[in-house]
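**Student:** quick one: sequence and predicted model below, then my questions.
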Amino acid sequence: MRIATWNVNSITARLPRLLAWLESSGTDVLCVQETKCTEEQFPSDELRELGYESAVHADGRWNGVALVSRVGLDDVVRGLPGGPEYAGAQEPRAVSATCGPVRLWSVYVPNGREITHDHYAYKLKWLGALKDAVAADAAGSRPFAVLGDFNIAPTDDDVWDRAVFEGSTHVTEPERAALAALRETGLSDVVPRPLKYAHPFTYWDYRQLGFPKNRGMRIDLVYGNGAFAGAVKDGYVDREERKGKGASDHAPVVVDLEL
């Protein structure tokens, strides 16, 4: 079974590449983030023509998540149970479903913006609510994973230059402590292998030749419980999808399991 996660940074802009990638990669389930569309605008029909069902949680703004599956899509939950609000509303940042033998979450963790911004405090609250929401499944015997854009680099090795991020979000101790608390529910970091260079970065800024210079970050993560992690046979970052015209600033992270 092949499962992937990809922040597409607008599914409308990325649709031709997404459809071609699904066909060529043989992915069974794709966790999508930053759809930037309404649920009505999501390309469910085009995906259905390829044999995929879709579960979407989106409102047309800068967020939006989805699960796209060709192995079933049951018990769908849209939103983060118990999640905090921001600017008076709960943003569409999480969707979960059972896809064949596994239970999966697709998440788009708040960016945090700046350490002094109220969005940073919101980010930490959101991560705490995520920990509470997944704890039972994380400790269970059924294969379970949370995949997505976490907007946190777990270690200093997961950024191209730690000094550049001093005083910024994504690398602070409170954010990393929140990730550690999530792992303590029974999840482990399924680290993919890079197809080039030493570190499996998943995101490269569009600006200042970030990708050609490999000035990246590993912020798109796969956190699986024991049953999930024990079934993993391979994992890699498909950096080819970060190349060329019309690419997202994130690359897909692909995980192969034997279940």
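**Tutor:** Perfect, I can see it now. Every value quoted in this text rests on a predicted model; they were computed, and no experiment measured them.
**Student:** helices of the chain, start to end?
**Tutor:** Here the chain has its helices, by DSSP state H, at 11-25, 44-49, 118-138, 173-183, 226-229.
**Student:** compare the ones you listed and give me the one nearest Val191.
**Tutor:** With CB to CB as the measure, helix 226-229 is the member of the helices of the chain nearest Val191 (10.5 Å). Glycine gets a C-beta too; all of them are placed from N, C-alpha and C.
**Student:** before we move on, back to that, for the helices of the chain, which one sits closest to Leu209?
**Tutor:** Nearest of the helices of the chain to Leu209, taken as CB to CB: helix 11-25 at 20.8 Å.
**Student:** could you export that closest one as CSV, CA atoms only?
**Tutor:** Taking Å, rounded to 0.1, in the frame of the first residue of the first chain, the C-alpha atoms of helix 11-25 are listed here in CSV:
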residue,chain,number,x,y,z
ILE,A,11,-5.1,22.3,-5.9
THR,A,12,-6.5,24.3,-8.8
ALA,A,13,-3.1,25.5,-9.8
ARG,A,14,-1.5,22.1,-9.3
LEU,A,15,-4.3,19.9,-10.8
PRO,A,16,-2.6,18.8,-14.1
ARG,A,17,0.6,17.9,-12.2
LEU,A,18,-1.4,16.2,-9.4
LEU,A,19,-3.4,14.0,-11.8
ALA,A,20,-0.3,13.0,-13.7
TRP,A,21,1.6,12.2,-10.5
LEU,A,22,-1.2,10.1,-9.1
GLU,A,23,-1.2,8.0,-12.3
SER,A,24,2.5,7.6,-12.5
SER,A,25,3.2,7.1,-8.8
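**Student:** who touches it?
**Tutor:** With contact meaning CB atoms under 8 Å, 6 or more residues apart in numbering, helix 11-25 is reached by 2, 4, 6, 8, 27, 30, 32, 35-37, 41-43, 46-47, 50, 52, 64, 66, 68, 238, 241, 246-248, 252, 254.
**Student:** repeat that for 6 Å
**Tutor:** Outside of helix 11-25, the residues within contact range by CB atoms under 6 Å, 6 or more residues apart in numbering are 8, 35, 37, 43, 50, 241, 248.
**Student:** tell me which of those residues fall in strands.
**Tutor:** Per DSSP state E, strands hold no members of the contacts of helix 11-25.
**Student:** how about those residues in JSON lines, adding pLDDT?
**Tutor:** Output for the contacts of helix 11-25, formatted as JSON lines (pLDDT from 0 to 100):
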{"residue": "Val8", "pLDDT": "98"}
{"residue": "Thr35", "pLDDT": "98"}
{"residue": "Cys37", "pLDDT": "97"}
{"residue": "Pro43", "pLDDT": "98"}
{"residue": "Leu50", "pLDDT": "98"}
{"residue": "Glu241", "pLDDT": "97"}
{"residue": "Ser248", "pLDDT": "98"}
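**Student:** measure stretch 239-254 end to end?
**Tutor:** 11 Å (CA to CA, to the nearest Å).
**Student:** how about that stretch: buried residues?
**Tutor:** Within stretch 239-254, the residues that count as buried by 16 or more other CB atoms under 10 Å are 239, 241-242, 247-254.
**Student:** which among those gets closest to Phe165?
**Tutor:** Nearest to Phe165 among the buried residues of stretch 239-254 is Asp249, at 16.4 Å by CB to CB.
**Student:** thought the closest one was touching Tyr206?
**Tutor:** Yes. In terms of CB atoms under 6 Å, Asp249 counts as a neighbour of Tyr206; the distance is 5.4 Å.
**Student:** between the contacts of helix 11-25, which sits nearest Tyr122?
**Tutor:** Of the contacts of helix 11-25, the one sitting nearest to Tyr122 (CB to CB) turns out to be Thr35, at 20.2 Å.
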